[in-house]
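Engineer: my questions concern the predicted model and sequence given below.
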Amino acid sequence: MDVRKIRLDDSEKTYSSEARDEYEKDYARLIQSPAFRRLQGKSQVFGAGTGDYYRTRLTHSIEVSQIAREVARRLGKTYPYLSKPEHPGLMLEPEVVECASLAHDLGHPPFGHKGEEVLDRLLRAQYNLPYEGNAQNFRILMFLEKRTGSGSGLDLTAAVLLAINKYPYSLGEPGRLKGVYEMEWEGISRLRDLWGMPPGIATLEAQLMDLCDDIAYSTHDIEDGIRAGKILMSRNFIEDDRLIGHIVQEIVNDQYNMSVGWDRTDIPVMVKQVLEKYLEQWETVYRESGREPSRTRREMKARWVSRFASHVGILDDANTGWKRVTFVKDGKQDLELLRTMEILKKLAWVTLIKDFRVQRLQKRSEIMITRLWKSFIEYETGKLILPPDWIESFEEQKGKWPWERLVADYIAGMTDAYAEKVYSELFASRSGSIYERD
């Protein structure tokens, strides 16, 4: 039995074509799923529909998958042990990390991180339940999505499911902020036990997917920010003490990234150095590109993606007894490059997400999600205005999950535009036909 290719539900492959490899089936199931299509209408940084240039969750996911697939191929040639089936969690198959990358953002609700924040606050305040985007991935993949013959969503292979699981914890554990909801953790935990995965350790494929997500975020979002005029390639902008101070504060506040050696670094000095070098490189590439901003943006993005991706390697992790996918230089973890990537991520964050116009849009989205929630949360009235198939599913499964989780699932599955449409139907003065199709 190939434990990497088993499926939790359709183990006999009754509803699965034998003409394709198992990972090819996973790929097809993902890209043809409604949840994947809806990513085109969900915000990455700028609101979906803001313009035809900026990235959405869909284009971001595709770009992450391309980076991850190519890095996995290179690592497979660099580290011969990856092709040996010594342990199912110590393998790197390009097709698996590609699928995981395509699926890694399915759980994001409309309006980006603000939507996730609002749903989590509403669920916790009233029902002591979490909402978390990574956990919602598994709720979609293992339950909400439907396919013929499957009672567990898309019923992906074990390798792909565990490659998506970058936070291998149950959110039912005290103090966990990221992980998997308890209902889906039962299946994920079963697969991890079958594989013999150490507690709290992600597979190499999940680690690679996660790192490539950061590579894409730290390069592509900056490209979008420059295009939007939020990040200016000028000395007045780059050397602004307020900008540097905001980036430093974001780094200090981010406890998840303290492991890259910030405590041994003069953070303000390094932030200034990285920004100055980025500007100097921009000026050089700008001249080489015939002083065309569009070409310069694309070339800068390509060079930084190449720099990050070419330094991805695998090291033995003495702290865990496992292996770690990270940036490697001279056989050691390249902490300087990791910190550089974090600075670029924070640059995108403070100039794009923290922009007051974006904050206004986020405040508007907070109001919309909160009022949609209040409209649906009372069962007797909510069931009258939710789609019938959702009500039928709840009645069949209500012993397993509460009404408030269904409401969160329904809102989370909306695109930005559909959330606005439903909000308009409920609260705006408008004329229209009841025969408009959702």
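Structural biologist: All right, it came through fine.
Engineer: every contact and neighbour count from this point should use C-alpha atoms.
Structural biologist: Fine.
Engineer: what packs against the longest helix anywhere in the chain?
Structural biologist: The residue-count maximum for a helix in the chain (DSSP state H) belongs to helix 204-227. Applying 3 or more CA pairs under 8 Å, 6 or more residues apart in numbering; DSSP states H and E, we find helix 204-227 packed against helix 57-78, helix 94-103, helix 158-164, helix 293-310, strand 322-329, helix 335-348.
Engineer: neighbouring strands - and their directions - for the fifth one?
Structural biologist: Taking DSSP bridges as the criterion, strand 322-329 forms sheet pairs with strand 312-317 (antiparallel), strand 332-333 (antiparallel).
Engineer: out of the ones you listed, flag the one nearest Arg4.
Structural biologist: strand 312-317 (20.7 Å; CA to CA).
Engineer: same list (the strands paired with strand 322-329) but as TSV, adding mean neighbour count, distance to Lys301 and mean pLDDT.
Structural biologist: Formatted as TSV, the strands paired with strand 322-329 follow (neighbours: other CA atoms under 10 Å; distance: least, CA to CA, whole Å; pLDDT from 0 to 100):
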stretch	mean neighbour count	distance to Lys301	mean pLDDT
strand 312-317	17	17	96
strand 332-333	16	23	96
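Engineer: so which of those strands gets nearest Val97?
Structural biologist: So among the strands paired with strand 322-329, strand 312-317 is nearest, using CA to CA, at 14.3 Å.
Engineer: which residues are contacting the closest one?
Structural biologist: Contacts of strand 312-317 with the rest of the structure, by CA atoms under 8 Å, 6 or more residues apart in numbering, involve Val71, Leu75, Trp322, Lys323, Arg324, Val325, Thr326, Phe327, Val328, Gly331, Lys332, Gln333.
Engineer: how many neighbours does the third one have?
Structural biologist: When you say that, I think you mean Trp322. Neighbours of Trp322 under the rule other CA atoms under 10 Å: 17.
Engineer: which residue, other than its chain neighbours, is closest to it?
Structural biologist: The shortest distance from Trp322 to any non-neighbouring residue, by CA to CA, 6 or more residues apart in numbering, is to Asp316 (6.2 Å).
Engineer: the one you found and Gly76, how far apart?
Structural biologist: In this view, Asp316 and Gly76 are 16 Å apart by CA to CA, to the nearest Å.
Engineer: and if you look at Ile247?
Structural biologist: Ile247 sits 36 Å away from Gly76, going by CA to CA.
Engineer: and Met258, by the same measure?
Structural biologist: Using CA to CA, one gets 30 Å for the distance from Met258 to Gly76.
Engineer: tell me the mean pLDDT over the helix or strand encompassing Glu24?
Structural biologist: Using DSSP states H and E, Glu24 sits within helix 22-31. Helix 22-31 carries an average pLDDT of 95.
Engineer: what's the answer for stretch 83-103, then?
Structural biologist: Here the average pLDDT along stretch 83-103 is 93.
Engineer: not counting it itself, show me its contacts.
Structural biologist: 3-4, 23-24, 26-27, 30-31, 36, 61-62, 64-66, 68-70, 72-73, 75-76, 82, 137, 159-161, 163-164, 195, 197, 202-206, 208-209, 213, 323.
Engineer: and it, what's buried?
Structural biologist: Neighbour-count burial for stretch 83-103 flags 88-103 (criterion: 16 or more other CA atoms under 10 Å).
Engineer: restrict that stretch to CA atoms and write it as PDB.
Structural biologist: Presented in PDB, the C-alpha positions along stretch 83-103 are these (Å, rounded to 0.1, in the frame of the first residue of the first chain):
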ATOM      1  CA  SER A  83      13.600  10.200  -4.200                       C
ATOM      2  CA  LYS A  84      14.100   7.300  -1.800                       C
ATOM      3  CA  PRO A  85      10.900   6.200   0.100                       C
ATOM      4  CA  GLU A  86      12.600   6.200   3.500                       C
ATOM      5  CA  HIS A  87       9.800   8.100   5.100                       C
ATOM      6  CA  PRO A  88       6.600   9.500   3.400                       C
ATOM      7  CA  GLY A  89       7.100  12.800   5.000                       C
ATOM      8  CA  LEU A  90      10.600  13.200   3.800                       C
ATOM      9  CA  MET A  91       9.800  13.300   0.100                       C
ATOM     10  CA  LEU A  92       9.300  16.200  -2.400                       C
ATOM     11  CA  GLU A  93       7.200  15.400  -5.400                       C
ATOM     12  CA  PRO A  94       6.600  18.500  -7.700                       C
ATOM     13  CA  GLU A  95       3.100  17.400  -8.500                       C
ATOM     14  CA  VAL A  96       2.200  17.300  -4.800                       C
ATOM     15  CA  VAL A  97       3.600  20.700  -3.900                       C
ATOM     16  CA  GLU A  98       1.900  22.100  -7.000                       C
ATOM     17  CA  CYS A  99      -1.500  20.800  -5.800                       C
ATOM     18  CA  ALA A 100      -0.900  22.000  -2.300                       C
ATOM     19  CA  SER A 101       0.000  25.500  -3.500                       C
ATOM     20  CA  LEU A 102      -3.100  25.700  -5.600                       C
ATOM     21  CA  ALA A 103      -5.200  24.800  -2.500                       C
END
